[in-house]
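**Student:** Using only what follows, build the 3D model:
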Amino acid sequence: MTKQCRTFTPEFKREAACLMLDQGYSPIEAARSLGLVESALRRWVSQLQQERNGVTPTSKALTPEH
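**Tutor:** Sure thing, here's the model as predicted:
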């Protein structure tokens, strides 16, 4: 039995990260409410924070302006 890897759109990742950054959810609350592992959500939050500070991401951008 193989485990399938879930994929998420940049829009979904951005909205998930915004739960923590803009709406004050804790990492555990946000991850549980979206059915995610906390480590993935923390990566997205970190990437979104960097993009908001003007850093160009090495992976697919979460914000349209990058």
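**Student:** so what's Ser26 closest to, chain neighbours aside?
**Tutor:** Met20 (7.5 Å; Cβ to Cβ, 6 or more residues apart in numbering). The C-beta positions use only the backbone N, C-alpha and C, and glycine is treated the same way.
**Student:** OK, contacts around that neighbour?
**Tutor:** Met20 makes contacts with 26-27, 30, 41, 45, as judged by Cβ atoms under 8 Å, 6 or more residues apart in numbering.
**Student:** Show the buried residues in those.
**Tutor:** Neighbour counting by 16 or more other Cβ atoms under 10 Å classes 30, 41, 45 among these as buried.
**Student:** so what's the second one up against?
**Tutor:** Under the criterion of Cβ under 8 Å, 6+ apart, the contact partners of Leu41 comprise 16-17, 20, 27, 30-31, 34.
**Student:** tell me which of these is nearest to Glu51?
**Tutor:** Proximity of these to Glu51 (Cβ to Cβ) peaks at Ala17, which lies at 9.7 Å.
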